[in-house]
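Q: any chance you can model this:
(one chain, ligands or ions: 1)
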Amino acid sequence: MNGLSQRVIVIGAGPVGLCLSLALAQEGVPVTVVEALGEDNFLEQVPRAGTNHPATLEMYDRIGLYQKLEPRGIVAPVFHYWDRAANKLIAAFDHILLKDDTRFPYVLQCERIKIVEEALKLAKGHPGIDLRLSTSFTRFEQNGSGVVAHVVNPAGEAETIAGIYLVSAEGARSIVRKDLDIEFEGFTYSDLTLNIEVAYDFRRHGYAERNYISDPVEWSNLFHWKGPPDRWRIHFPVDPSEDEEAICRQDALQARMQRFLPTGRTFDIVGSNLYIVHQRVAKKFRVGRAILAGDAAHVNSPIGAMGMNSGVHDAFNLADKLVKILRGEHGEEILDRYERQRRHVAIQHTQAQTIRNKRLLAEKDPAVRRKNHDELRRTAEDPKLARAFLLRSSLIESLREAERIP
Ligand SMILES: Cc1cc2nc3c(=O)[nH]c(=O)nc-3n(C[C@H](O)[C@H](O)[C@H](O)COP(=O)(O)OP(=O)(O)OC[C@H]3O[C@@H](n4cnc5c(N)ncnc54)[C@H](O)[C@@H]3O)c2cc1C
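A: Okay, here's the model as predicted:
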C-alpha cells in the first residue's frame, strides 16, 4: 500500500482528535497525537458535551468505542420540549421513529470526559498511535512534501515532529487556524451560560433524560448523566454584567434552582461553571497539508448537542479521505471535498439549527411563543413530520446531504 508509512500528526486528544487517530490507525496509517494535558490532569477537564446522537454512535461503534461507552452512559430515546412559564410539556420526540434509519435509535447521554477517557485507553493500546501527552504544540511549517510540528515536550524542551499532514483538533483556540490567518466568521452571544450540576432526580417531575425548556425570562436545558451519583446538568442564561463570583456562590445557585423548581429543600449542587457561547465557522478548513476539524473549525451553542457530534463527523469524513490519499486511491483534491462537505454542514445544519433552537427557547413575544409551541406540538404528534424533525436534529440529514456534495 502506497504511502502508508507516512505519518499524520494530530494536535489535540479531545473527542475529535482521538476519533480521527483511531480511525486512521485502524486503517494502517501511523499517527502522532500531541496533547498538552498529561496523565496527571487529563481527567480534570470542565464538564462539557455529553449527548451523543445516533450517527455518532455508529461511528464510535466502527472504532470499538461504543461498547466502552454504553455501560457508562444512559440510553435515551426520548427528549422533551417544555414551557417553563406554563409548567407544561410542549412536545416529546422519540428516536424510535428512526429505527429504519439507524442501528441506534436513541442518543447516549455520556459525557465528553468519559468519551476521551475511553478513547485515550484505546489509543494507548494501538501500536500505530504514538501518543505524546504533556506536550504542547506551538507552531508548524509545511512545504510540498510534508509538515513539521514544533512542540514543547514533557521535559520542557523544544522538539519537532515530521509528518505528511497536520490536523488541528486543538479546539476553539486552534493555533493552526490563527497561524494560517483563517478568519473565524460569526458572532458571540452577549449572554453567558451558567452550567449547574446537581444530584437530584428530575424524572419525578415528568422530565425526560434530555429537556429543552423555553421561557421568555430564563430558558434552560436539563440533561441527565450516569453516576454514581447520578447528576443532572442544567443551563441558564446569565447577564454578563453580573458579578461572576456572585452568580456561582452556593446561595445564589440554590436560589436559582428554587426558582426553577421550588422543592423547598436544598439541592445537592455538585458543581457549576460559566461559559461564553460563540457561533463561528472557519472560512477555510484546509490550507495545503494543514487541516482543521472539530471546534478548531467551528463552534456553536450547545442547545441541540451538535458541537462535539459534528466534530466527530468531521473526524470520520477526514479519516476516510486521508486513508484514500495515502493508499494512492485518490488525489489530494478530495480534501477540498472535505471542506465543501463539512463547511456546508457547519453553516447549514449545526449553526442554523442551534441558532434556531436558542431563538425558540428564548422567544419573548407571547404570540410568537404560542405559534412556535403549536408548531412543535403538531410536529411531534405527526409521525412523518416527527421523523423528518429527528433526522435533522440528530444530524443524520446533514450526513446524507453532505454525501450529495460533489
Ligand atoms: C458547556 C458546554 C456544553 C457542551 N455540550 C455539548 C453537547 O451536549 N453536545 C455536543 O455535541 N457538543 C457540546 N459542546 C461542545 C463540545 O464540547 C465541543 O464541540 C467538543 O469538545 C469539541 O471537540 P474537539 O476535540 O474539537 O476539541 P476539544 O474537546 O476542545 O479538545 C481539544 C484538545 O486539544 C488540546 N489542545 C489544545 N491546544 C493544544 C496545544 N497547543 N497543544 C496540544 N494540545 C492542545 C486540549 O487540551 C484538548 O484536549 C459543549 C461545549 C460546552 C462548552
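Q: how about the contacts made by the residue of the stretch 101-250 of the chain found nearest the ligand?
A: Closest approach of the stretch 101-250 of the chain to the ligand (Cβ to the nearest ligand atom) occurs at Gly171, with a separation of 2.7 Å. C-beta coordinates here come from the backbone N, C-alpha and C atoms, glycine included. Counting by Cβ atoms under 8 Å, 6 or more residues apart in numbering, Gly171 touches Gly12, Gly14, Gly294, Asp295, Ala296.
Q: OK, contacts around Asn357?
A: Counting by Cβ under 8 Å, 6+ apart, Asn357 has contacts Tyr212, Ser301, Ile303, Gly304.
Q: in what helix or strand does it lie?
A: If you go by DSSP states H and E, Asn357 is part of helix 352-362.
Q: could I get the average pLDDT for that helix?
A: Confidence for helix 352-362, expressed as mean pLDDT, is 92.
Q: check which element follows it along the chain.
A: Heading C-terminal from helix 352-362 (DSSP H and E), you reach helix 366-381.
Q: Met336 contacts Lys284, doesn't it?
A: That one is not Met; residue 336 is Asp. No - taking contacts as Cβ atoms under 8 Å, Asp336 lies outside contact range of Lys284: 10.0 Å.
Q: list the buried residues for the top helix by length along the chain?
A: Longest helix in the chain, counting residues (DSSP state H): helix 307-326. For helix 307-326, the buried set under the neighbour-count rule, 16 or more other Cβ atoms under 10 Å, comprises 307-319, 321-323, 325-326.
Q: please apply the same query to stretch 91-109.
A: Applying 16+ other Cβ under 10 Å to stretch 91-109 flags 91-95, 97-98, 101-102, 104-109 as buried.
Q: got the residues of the chain near the ligand?
A: 11-17, 34-37, 48-51, 112, 136-137, 169-171, 175, 195, 275, 294-295, 302, 305-309, 311 (Cβ under 6 Å from any ligand atom).
Q: which of those count as buried?
A: Among the residues of the chain next to the ligand, those classed as buried by 16+ other Cβ under 10 Å are 11-17, 34-37, 48-51, 112, 136-137, 169-171, 175, 195, 294-295, 302, 305-309, 311.
Q: residue nearest the middle of this structure, spatially speaking?
A: For the chain, the residue sitting closest to the mean C-alpha position, by Cα atoms, centre = their mean, is Met308 at 1.3 Å.
Q: that one and Ile113 touch, don't they?
A: No - using Cβ under 8 Å, Met308 makes no contact with Ile113, being 11.5 Å away.
Q: shared neighbours, those two?
A: With Cβ under 8 Å, 6+ apart as the test, Met308 and Ile113 both reach Arg48.
Q: just to revisit the earlier point, report the contact partners of the residue nearest to the centre of the chain.
A: Contacts of Met308 by Cβ under 8 Å, 6+ apart are Pro15, Val16, Arg48, Ala49, Asn52, Thr56, Arg112, Ile115, Gly294.
Q: just the helices in the chain please.
A: Using DSSP H, helices in the chain cover 15-25, 54-62, 66-69, 112-124, 175-179, 244-247, 250-260, 307-326, 334-345, 352-362, 366-381, 383-393, 396-403.
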